[in-house]
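> Coordinates for the following, if possible.
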Amino acid sequence: MKESKSLVRIDHIYSLSTLWLEELAAMLGGEVIQNNLLHIPKQLGEGLVFTHQILPEMHVVLFDLVLSKSILFTRKPVEEDFWILYYDLSDYNNIHIVDNIKHKVGDNSLLDFAILDSKVESSYMSKAYNREFSMRILIGKSFVLSSLKERGLDEKFMEIITKKQNFFYGSIDSKSKALLYELKKQRVDSPHYELLLTGIIYNLLAYFLERQSSLMIETSVITERDRMAVIKSHEYLLSDLTIPFLGLDALVEVAHMSVSKYRKLYKQIYGTTPVNFFRNEKMLLAQTMVESGNYKSISEIAFALGYVNVDYFSRSYKKHFGVFLSDIL
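Numbering: from 1, shown residues only. Here you go, the predicted model:
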């Protein structure tokens, strides 16, 4: 464990066995209880990491914690061949880093679901004083493919997931999100928690396979060149949230593709339109500014974010978060 005044760095692995949890506990200075529960040491915050092996090829990892210091967890590649289905309903956004690209993830982000390959490194920044509630389902590739083979979709799925596209981001479907909200209310030490968790995992897996089946029927493979072009334009879009939306013409110029193709590929990769993603990120920045205590008025925040009409900004904030800024500032 490497530690600075405000950030702790942890390098770790995941595995389809539970041995990795002992190693993580040692790095954090914590203790594993009953082979599947790690309580976060008090010097780092409070909360837990809970693991549960459902099948030999299916393992779930649940993080439910509030840290007093931000931790950068870097997951190292392993030889075991599995995918990680990643769900994040943290109260505020954390940062997920894959291929040196930072993605905001959490309940308020449009990106709260991902598919990651066990052989590709990724990092997760869990921010201090934020309830992190995130789940990883580690699932053997052979198990997934055998399930898709019954639908005749195994080859199509492999074509998509291995086309130098070792990760995928999107949003949690509404049925899965309802299950996860219910789980978020439960206590790990309740008598029937493992039974409840097992049932939820099977349902999440069913919804995942259902969704992938639908996506593979409706969409085509995105080439690596096109994917990186859209990601580059996406980074350009979010490079300055204090200005108005750039417009599609500016984004397609960065991506070097037609408007119709860009719209289609952006929706496939990010699950929404560029303008909706931009508005969402702008509102999240506004929330951060409101909660910082550095601004004394609604108009001060509105103008800092490039809004000319303060009333429009206030209405947008209320529509997005369900609260009036006048009740906060």
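
> all strands of this protein, in order?
2-3, 7-12, 31-33, 37-39, 45-55, 58-67, 70-75, 82-88, 94-98, 101-105, 113-117, 122-126, 131-140, 167-170 (DSSP state E).

> so what secondary structure elements neighbour the longest one?
In terms of contact count using 3 or more Cβ pairs under 8 Å, 6 or more residues apart in numbering; DSSP states H and E, strand 45-55 is assigned the packing partners helix 19-28, strand 37-39, strand 58-67, helix 193-218. For every residue, glycine as well, the C-beta is placed using N, CA and C.

> who does it pair up with?
Paired neighbours of strand 45-55 in the sheet (DSSP bridges): strand 37-39 (antiparallel), strand 58-67 (antiparallel).

> out of those, nearest to His256?
strand 58-67 (39.2 Å; Cβ to Cβ).

> In this structure, where is pLDDT below threshold?
For the chain, the stretches with pLDDT under 70 are 1-5, 147-169, 211-221.

> hmm, 50 instead?
Residues of the chain meeting the criterion pLDDT under 50: 163-165, 217-219.

> beta partners of His103?
Following DSSP bridges, His103 is listed with bridge partners His96.

> That one against Ile97, yeah?
Yes. Assessed by Cβ atoms under 8 Å, His103 is found in contact with Ile97 at 7.4 Å.

> between the two, which one's more packed in?
Between His103 and Ile97, counted using other Cβ atoms under 10 Å, the more crowded position is His103 (19 against 15).

> thinking again about what came up before, highest average neighbour count across the strands paired with strand 45-55?
strand 58-67 (a mean of 21; mean count of other Cβ atoms under 10 Å).

> For Tyr129, grab the count of nearby residues.
Other residues lying near Tyr129 total 12 when counted by other Cβ under 10 Å.

> quick one: contacts for it?
Neighbour list for Tyr129: Val66, Leu67, Ser68 [criterion: Cβ atoms under 8 Å, 6 or more residues apart in numbering].

> So it versus Ser90, what's the distance?
Distance of Tyr129 to Ser90, given as Cβ to Cβ, to the nearest Å: 12 Å.

> Show me what the nearest residue to Ser70 once chain neighbours are set aside is bridged to.
Counting by Cβ to Cβ, 6 or more residues apart in numbering, Ala128 is the residue found nearest to Ser70 once chain neighbours are left out, at 4.7 Å. Per DSSP bridges, the residues bridged to Ala128 are Leu67.

> just to revisit the earlier point, quick one: which of the strands of the chain is nearest Ser233?
Taking Cβ to Cβ, strand 101-105 is the member of the strands of the chain nearest to Ser233, at 12.7 Å.

> Could you list the buried residues of the closest one?
Judged by neighbour count (16 or more other Cβ atoms under 10 Å), strand 101-105 contains these buried residues: His103, Lys104, Val105.

> likewise stretch 310-323?
For stretch 310-323, a neighbour-count test (16+ other Cβ under 10 Å) marks Val310, Phe313, Ser314, Ser316, Tyr317, His320, Phe321 as buried.

> Quick check: Leu183 vs Ile328, distance?
Distance, Leu183 to Ile328, using Cβ to Cβ: 29 Å.

> Which one of these two is surrounded by more residues?
When neighbours are counted by other Cβ under 10 Å, Leu183 and Ile328 differ, and Leu183 comes out ahead with 20 against 12.

> List the contacts of the residue nearest to Val254 when sequence neighbours are not counted.
Nearest residue to Val254, sequence neighbours excluded (Cβ to Cβ, 6+ apart): Ser233, at 4.2 Å. When contacts are counted by Cβ under 8 Å, 6+ apart, Ser233 touches Leu251, Val252, Val254, Ala255, Tyr262, Tyr266.

> just to revisit the earlier point, redo the strands of the chain as JSON lines? Include distance to Ile243.
Listed next are the strands of the chain as JSON lines, based on distance: least, Cβ to Cβ, whole Å:
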{"stretch": "strand 2-3", "distance to Ile243": "37"}
{"stretch": "strand 7-12", "distance to Ile243": "30"}
{"stretch": "strand 31-33", "distance to Ile243": "49"}
{"stretch": "strand 37-39", "distance to Ile243": "44"}
{"stretch": "strand 45-55", "distance to Ile243": "36"}
{"stretch": "strand 58-67", "distance to Ile243": "33"}
{"stretch": "strand 70-75", "distance to Ile243": "28"}
{"stretch": "strand 82-88", "distance to Ile243": "28"}
{"stretch": "strand 94-98", "distance to Ile243": "22"}
{"stretch": "strand 101-105", "distance to Ile243": "18"}
{"stretch": "strand 113-117", "distance to Ile243": "28"}
{"stretch": "strand 122-126", "distance to Ile243": "26"}
{"stretch": "strand 131-140", "distance to Ile243": "31"}
{"stretch": "strand 167-170", "distance to Ile243": "24"}
